[in-house]
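Peer 1: Provided below for reference: sequence and predicted model.
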Amino acid sequence: MQSSLIEKEKKFLFQVYKRQPVVIVEGRGAVVKDVDGNEYIDCVAGIAVNNVGHCHPEVVEGICRQARRLMHVSNLYYTEPQIELAEKIAEISGMEKIFFCNSGTEAVEAALKLARRASGKKNFIAAEGSFHGRTLGSLSVTSKKEYKDPFKPLISGISFVPFNDADAIRKKMDGDTAAVILEPIQVESGGIRLPKSEYLKEVREICEEKEAFLILDEVQTGFGRTGRWFAKDHYDVDPDIICIAKGMGGGFPIGAMAAKGISFERGEHASTFGGNPLACAAALSSISVIEKENLLERSEKMGEYFMKKLNSLNFDFLREVRGKGLLIGVEVSVQCDRIVDGMRKRGILINCISENVLRFVPPLVIERRQIDEVVENLKIVFEEVNQT
């Protein structure tokens, strides 16, 4: 069954993804099941999307309840879920105005447009090791050449500086710099790199001094992933714009760009499906679960426990364990594809975010015993790798 579906996928779908050979059909909490009935502890969580776990009953009920009433009418009309969600996002983010879209990439596109529109300037500064998406605008502020080169020319006026170097930003800033865009914690291309304690504050001060906006891309770090609503909250930083998505909808596609002190005017940006009632109902339910089940605190505690267990592994090729909350990277000096394959065969799903960094982003509801099982199996796979 599994192999026939995989062959059919190759026939009918663009081959743009490097998929693992497993067809997932069901999920509950931190566990998923494939078409053949095999179960896996999921440490990918839809790439940091399923923060409240797979098919959380409250999210499922929220979606079903809304689907029975109204799924879509477009932004030609007002809808209650959108207004309620905007109010909630403003409350937990500290932002003032919200624009809803469908993904993190779209949120970044909106942020770049708003920064240009509100500043009257055109240039941007981004960090080396950044990842902000794959559309032309978001790709322009992404540093990875392999993603960018086939699609040039991209947006001009983009400068890249080393992450964690505020002075480099100051030196690159000029009178036509609209904004600095950063991930508060670099994930996809950066391999889960944490900022120095004062870095983001220093960048904030430089932006104020030079009259440029600060955009924080919280697409992967938001909604409890790091043990706070947003990673910016660890560093007491107040950006002008944040981009959010992934964990926002509990598995349902939704994104948003939120800003303070600046705004689009009518007609300057739009999205047909952005903020549709069904997506907003899913997000409201997901946020409710995070609050009711204290998942911010749980993420912080489980993350500390997970990293402690990972750091207990004693292998020469294990270079570093780093992260915050349940956003964890394990850097190794071997090709990590072999480790990913070995873990999958043992019933654990993880993935690589570079050739040598393993990513662990399980649902925030993962249990201690499941973390123990993950690390025990990782130790076995590490031993197998060590012997070859």
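Peer 2: Good, I have the coordinates.
Peer 1: Pull the number of nearby residues for Glu373.
Peer 2: If you count neighbours by other C-beta atoms under 10 Å, Glu373 ends up with 15. The way it works is simple: take the backbone N, C-alpha and C, and place the C-beta from them, glycine included.
Peer 1: was I right about it contacting Glu39?
Peer 2: No. Between Glu373 and Glu39 there is no contact under C-beta atoms under 8 Å: 11.3 Å.
Peer 1: what residues do these two have in common as contacts?
Peer 2: With contacts defined as C-beta atoms under 8 Å, 6 or more residues apart in numbering, no residue is shared by Glu373 and Glu39.
Peer 1: Give the full set of residues in contact with the residue lying closest to Ser312 once chain neighbours are set aside.
Peer 2: Using C-beta to C-beta, 6 or more residues apart in numbering and skipping residues adjacent in sequence, the residue nearest Ser312 is Val375, 7.7 Å away. Contact analysis of Val375 by C-beta under 8 Å, 6+ apart lists 306, 309-310, 312-313.
Peer 1: next one: the lengthiest helix in the chain to chain centre, how far?
Peer 2: As assigned by DSSP state H, the longest helix anywhere in the chain is helix 368-386. In terms of C-alpha atoms, centre = their mean, to the nearest Å, the centre of helix 368-386 is found 25 Å from the chain centre.
Peer 1: and what of stretch 33-44?
Peer 2: Using C-alpha atoms, centre = their mean, the offset of stretch 33-44 from its chain centre is 22 Å.
Peer 1: now the strands for the stretch 251-388 of the chain?
Peer 2: 255-259, 318-324, 327-332, 348-349, 351-354, 357-360 (DSSP state E, counting those that start in this stretch).
Peer 1: His234: which of those strands is closest?
Peer 2: strand 318-324 (6.7 Å; C-beta to C-beta).
Peer 1: Determine the three-state secondary structure at the residue nearest the centre of the chain.
Peer 2: The chain has Gln220 as the residue nearest its centroid, 1.5 Å off, counting by C-alpha atoms, centre = their mean. Under DSSP: H, G, I helix; E, B strand; the rest coil, Gln220 falls in the coil class.
Peer 1: That one and Ala48 touch, don't they?
Peer 2: Yes. Using C-beta under 8 Å, Gln220 is in contact with Ala48, at 4.9 Å.
Peer 1: Quick check: neighbours shared by these two?
Peer 2: Contacts common to Gln220 and Ala48, judged by C-beta under 8 Å, 6+ apart, are 187, 246, 327, 361.
Peer 1: Look up phi and psi at the second one.
Peer 2: Main-chain dihedrals, Lys246, degrees, to the nearest 10: phi 30, psi -90.
Peer 1: Tell me the spacing between the residue lying closest to it once chain neighbours are set aside and Thr135.
Peer 2: Once flanking residues are discounted, Lys246 sits nearest to Val49: 4.8 Å by C-beta to C-beta, 6+ apart. As judged by C-beta to C-beta, to the nearest Å, Val49 and Thr135 stand 19 Å apart.
Peer 1: more neighbours, the two?
Peer 2: Counted by other C-beta under 10 Å, Val49 and Thr135 do not tie: Val49 has more neighbours, with 23 against 14.
Peer 1: shouldn't Gly342 be in contact with Lys379?
Peer 2: No. Checked against C-beta under 8 Å, the pair Gly342 and Lys379 is beyond contact range at 11.1 Å.
Peer 1: Centre of the chain to stretch 117-133, how far?
Peer 2: The answer for stretch 117-133 is 18 Å, by C-alpha atoms, centre = their mean.
Peer 1: now do stretch 268-280
Peer 2: Between the centre of stretch 268-280 and the centre of its chain there are 20 Å (C-alpha atoms, centre = their mean).
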